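Colleague: This is a predicted model, with the sequence first.
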Amino acid sequence: HMKKLLVLGATILLTNGCASVMTTDTQSINVTTSNNKPAEITVDDKTVTAPGMVVVLRDGKDKVVKSKTDGCDNATPVKKSITPVFFGNIVIGGLLGSTTDGVTGKMWDYADNVEISCSDK
């Protein structure tokens, strides 16, 4: 019985460790254009050239990829969903652990890939 308890204890510790590592403050989003031409895009206050990666703060706010490039949509919303890890945190950390994640916005995952619609001009 003691061996089983030790394994269970170690599993809970490992799972707990992963939960906090996986819910980081930032997330990278890969932004591409439908015509594969470069476009300058802005998310929050970060400007990068698409196709490229932009790192956003996981604050739970709606993110919009903005572009001033001719022929491209000037605003493309980034889809977001509740991270599956958040539900794991409820089980492991109880309701207290989950509310802290919810308040910080870490419970939200943004889409990993966003494509901006650009015309082939």
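Modeller: That came through fine.
Colleague: What are the buried residues along stretch 54-68?
Modeller: Residues of stretch 54-68 classed as buried: 54, 56-58, 60, 63, 65-67 (neighbour count, 16 or more other CB atoms under 10 Å). In short, each C-beta sits where N, CA and C put it, glycine included.
Colleague: same thing with stretch 30-40?
Modeller: Under 16+ other CB under 10 Å, the buried positions of stretch 30-40 are 31, 33, 39.
Colleague: any idea where the helices of the chain begin and end?
Modeller: For the chain, helices defined by DSSP state H occupy the ranges 2-22, 84-104.
Colleague: tell me the mean pLDDT over the lengthiest strand in the chain?
Modeller: When the chain is scanned for its longest strand (criterion: DSSP state E), the result is strand 26-33. The average pLDDT within strand 26-33 is 94.
Colleague: which one of the buried residues of stretch 30-40 is nearest Lys79?
Modeller: Nearest to Lys79 out of these is Val31 (CB to CB; 13.0 Å).
Colleague: now the closest residue in space to that closest one that isn't next to it in sequence: how far from Arg58?
Modeller: Once flanking residues are discounted, Val31 sits nearest to Ala50: 4.2 Å by CB to CB, 6 or more residues apart in numbering. Going from Ala50 to Arg58 by CB to CB, to the nearest Å gives 20 Å.
Colleague: coming back round to it: now for the buried residues of stretch 54-68: which two are most distant?
Modeller: Gly60 and Ser67 (23.4 Å).
Colleague: still on that earlier bit, which one among the buried residues of stretch 54-68 gets closest to Lys46?
Modeller: For the buried residues of stretch 54-68, the nearest to Lys46 is Val54 (5.5 Å; CB to CB).
Colleague: Spit out the contact partners of that closest one.
Modeller: Residues in contact with Val54 (CB atoms under 8 Å, 6 or more residues apart in numbering) are 28-29, 31, 41, 43, 46, 48, 65.
Colleague: now swap in Gln27 and tell me
Modeller: 55-56, 58, 109-110.
Colleague: neighbours around Ile82, how many?
Modeller: 13 (other CB atoms under 10 Å).
Colleague: I figured it hits Met107, correct?
Modeller: Yes. Counting by CB atoms under 8 Å, Ile82 touches Met107, with 5.5 Å between them.
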